[in-house]
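Novice: fold the stuff below for me.
(one chain, ligands or ions: 2)
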Amino acid sequence: MGDAFFRHMVAGMRNGVLAFTRDGRLTLINDEAYAIFDIPRRPCDLGRPVAEVLQEHPEVVRVLNSAFDVHLLPNRAELRLRPSGKVIGYTLGLVRDDAGGVIGASMFFKDLTRVEQLEERERLRDRLAAVGEMAAAIAHEVKNPLAGIEVMAGLLRRRVADAPDAQKVLTDIITEAKMANKIVQEVLEFVRPIRLQVDRTAVASAVQSAVQMAETKVRGSISVDVRLPEGLPLIHGDQHQLTQLFTNLLTNAYEAMEGRGRVVVTASAARIDDGTEGRAAVLVELADEGPGMTPEVAERVFSPFFTTKPQGSGLGLAIVRKIVDAHDGSIDLQTTPGAGTTIRVTLPVRGVDEFTN
Ligand SMILES: Nc1ncnc2c1ncn2[C@@H]1O[C@H](COP(=O)(O)OP(=O)(O)OP(=O)(O)O)[C@@H](O)[C@H]1O
Ligand SMILES: [Mg+2]
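Specialist: Ligands and ions are numbered 1, 2, ... in the order given. Next up, the predicted model:
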């Protein structure tokens with residue numbers, strides 16, 4: 001086997017690979033390495049000092065420089081790239097000549113960002129499972145006495161027809177009990193495991209139903225601009241759950257705008273990067289003209305019970321996350337205080353094939 005075979009092998013690897021000589025000159029680098037580092041390939045890169053080629057990544061250069069000093073090279077280590085925030089897992093190895101003298105070093109690495117996200121999701125899911133069971137039990141116990149309070153306050157209100165003050169108090173009690181009941185319902189909905197009724201589903205029609213549902217909650221002059229192109233692929237999904245997902249997102253957008261402004265909902269065909277040719281998907285973007293969020297708020301919005309609203313239960317987005325996860329999709333948000341919020345939901349065409357928990 002000649003040199004060419006090894007060159008092609010390195011070029012085709014799905015890990016980043018680079019190697020350099022004792023005096024710090026780059027001797028080998030593959031496409032995956034360029035992609036992970038987000039730097040363009042230049043024909044003159046080979047032979048140049050690594051520190052120059054990777055000047056945008058001093059943190060990597062530091063690690064490479066240490067290859068010859070470190071007595072025992074770490075078996076596997078991780079590093080966060082700036083400014084992309086990508087996490088790479090890497091190993092360093094020494095290159096020796098036939099006599100055993102060190103003539104260079106190599107680094108073998110992989111982008112772990114996605115792995116990290118999956119682990120994060122799994123941790124969240126475990127935590128939710130435990131919290132969920134307890135919440136379900138409590139919600140269930142609270143539901144009956146709550147219904148009792150509402151009914152009895154209603155009876156009492158009829159008996160005090162001639163005492164408007166007492167009537168007002170009772171009306172308040174009923175309103176509060178209704179509110180508590182709504183929260184209990186939401187908790188139950190949130191903790192119930194999702195059983196998807198999977199069908200070939202048009203995301204566009206889920207969006208349209210959601211617009212209708214959410215419209216009943218709008219006060220003021222909010223306009224919704226729905227842009228749904230023809231011919232989007234049907235996805236394997238649960239129409240009812242997807243409607244719920246978009247209703248929650250639209251409701252938040254309306255509430256954020258407090259009766260003024262416009263929401264733009266756009267759907268488009270997309271691809272999810274999976275390291276090969278990509279998975280077909282549908283992307284839905286909701287952009288509002290609300291007040292946006294501070295980074296501290298944005299970080300917590302998907303946590304159950306996180307809310308900044310006096311009447312909120314903080315479950316809207318937790319339910320959204322759960323439905324997106326059940327469809328094997330992803331969700332992210334872009335927001336700047338004062339400049340509105342854009343939420344992007346990506347749903348793979350073949351996310352789930354059958355009933356899923
Ligand atoms: N479009 C948005 N613009 C600004 N802030 C938002 C937006 N969507 C969500 N938020 C913030 O995220 C928090 C959590 O949202 P989430 O939908 O989970 O709960 P909630 O709306 O407060 O209550 P619930 O939906 O259960 O009635 C909100 O309280 C709000 O602070
Ligand atoms: Mg909400």
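Novice: use CA for all of it now, contacts and neighbours both
Specialist: Will do.
Novice: correct me, but residue 15 touches residue 112?
Specialist: No - using C-alpha atoms under 8 Å, residue 15 is not in contact with residue 112, being 10.7 Å away.
Novice: tell me which element residue 185 falls in.
Specialist: Secondary-structure assignment from DSSP states H and E places residue 185 in helix 164-191.
Novice: what packs against that helix?
Specialist: helix 113-159 (3 or more C-alpha pairs under 8 Å, 6 or more residues apart in numbering; DSSP states H and E).
Novice: which helices and strands does the helix it packs on pack with?
Specialist: Looks like helix 113-159 contacts helix 164-191 (3+ C-alpha pairs under 8 Å, 6+ apart).
Novice: give the buried residues for the helix it packs on.
Specialist: Buried positions in helix 164-191, judged by neighbour count with 16 or more other C-alpha atoms under 10 Å: 167, 170-171, 173-174, 177-178, 180-181, 183-184, 186-188, 190-191.
Novice: now the two most distant members of those.
Specialist: 167 and 191 (36.1 Å; C-alpha to C-alpha).
Novice: circling back to that earlier point, quick one: which of the buried residues of helix 164-191 is nearest ligand 2?
Specialist: Closest approach between the buried residues of helix 164-191 and ligand 2, by C-alpha to the ion: residue 186, at 10.8 Å.
Novice: now do the contacts for that closest one.
Specialist: If you count contacts by C-alpha atoms under 8 Å, 6 or more residues apart in numbering, residue 186 has them with 313, 315.
Novice: rewinding a little: can you name the next helix or strand after the helix holding residue 185?
Specialist: Heading C-terminal from helix 164-191, the first helix or strand you meet, by DSSP H and E, is strand 199-201.
Novice: just the CA trace of the helix or strand that that next one is followed by, in PDB.
Specialist: Following strand 199-201 in sequence order, the next helix or strand is helix 203-215 (DSSP H and E). Written as PDB, here are the backbone C-alpha positions of helix 203-215 (Å, rounded to 0.1, in the frame of the first residue of the first chain):
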ATOM      1  CA  VAL A 203     -46.800  20.600  10.200                       C
ATOM      2  CA  ALA A 204     -48.500  23.500   8.400                       C
ATOM      3  CA  SER A 205     -51.900  22.400   9.500                       C
ATOM      4  CA  ALA A 206     -50.800  22.000  13.100                       C
ATOM      5  CA  VAL A 207     -49.500  25.600  12.900                       C
ATOM      6  CA  GLN A 208     -52.900  26.700  11.500                       C
ATOM      7  CA  SER A 209     -54.900  25.000  14.200                       C
ATOM      8  CA  ALA A 210     -52.500  26.500  16.800                       C
ATOM      9  CA  VAL A 211     -53.100  30.000  15.400                       C
ATOM     10  CA  GLN A 212     -56.900  29.500  15.800                       C
ATOM     11  CA  MET A 213     -56.500  28.100  19.300                       C
ATOM     12  CA  ALA A 214     -54.200  30.900  20.400                       C
ATOM     13  CA  GLU A 215     -56.300  33.600  18.900                       C
END
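Novice: tell me what helix 203-215 is packed against?
Specialist: helix 239-257.
Novice: for the helix it packs on, the distance to its chain's centre please.
Specialist: Distance of helix 239-257 from its chain centroid, counting by C-alpha atoms, centre = their mean, to the nearest Å, is 16 Å.
Novice: how about stretch 69-79?
Specialist: Distance, stretch centre to chain centre, for stretch 69-79: 32 Å (C-alpha atoms, centre = their mean).
Novice: again, but for stretch 310-323
Specialist: 14 Å.
Novice: near ligand 1, which residues of the stretch 251-357 of the chain? Just list them.
Specialist: Applying C-alpha under 6 Å from any ligand atom, we find that the stretch 251-357 of the chain lies next to ligand 1 at 252-253, 256, 290-293, 301-302, 306-309, 312-318, 341.
Novice: ok, now with 8 Å
Specialist: For the stretch 251-357 of the chain, the contact set with ligand 1 under C-alpha under 8 Å from any ligand atom comprises 251-257, 287-288, 290-293, 297-298, 300-309, 311-319, 335, 340-343.
Novice: show me just the buried residues among those residues.
Specialist: Neighbour-count burial (16+ other C-alpha under 10 Å) applied to these gives 251-257, 287-288, 290-293, 301-307, 313-319, 335, 340-343.
Novice: tell me which of those fall in strands.
Specialist: The strands, defined by DSSP state E, take in 287-288, 335, 341-343 from those.
Novice: pLDDT-wise, what's the bottom of those residues?
Specialist: For these, the least confident position by pLDDT is residue 335, scoring 93.
Novice: mind listing what that one touches?
Specialist: 292-294, 298, 341-342.
Novice: so how far is residue 228 from residue 269?
Specialist: 10 Å (C-alpha to C-alpha, to the nearest Å).
Novice: let me fix that, I meant to ask about residue 159.
Specialist: Distance of residue 159 to residue 228, given as C-alpha to C-alpha: 54 Å.
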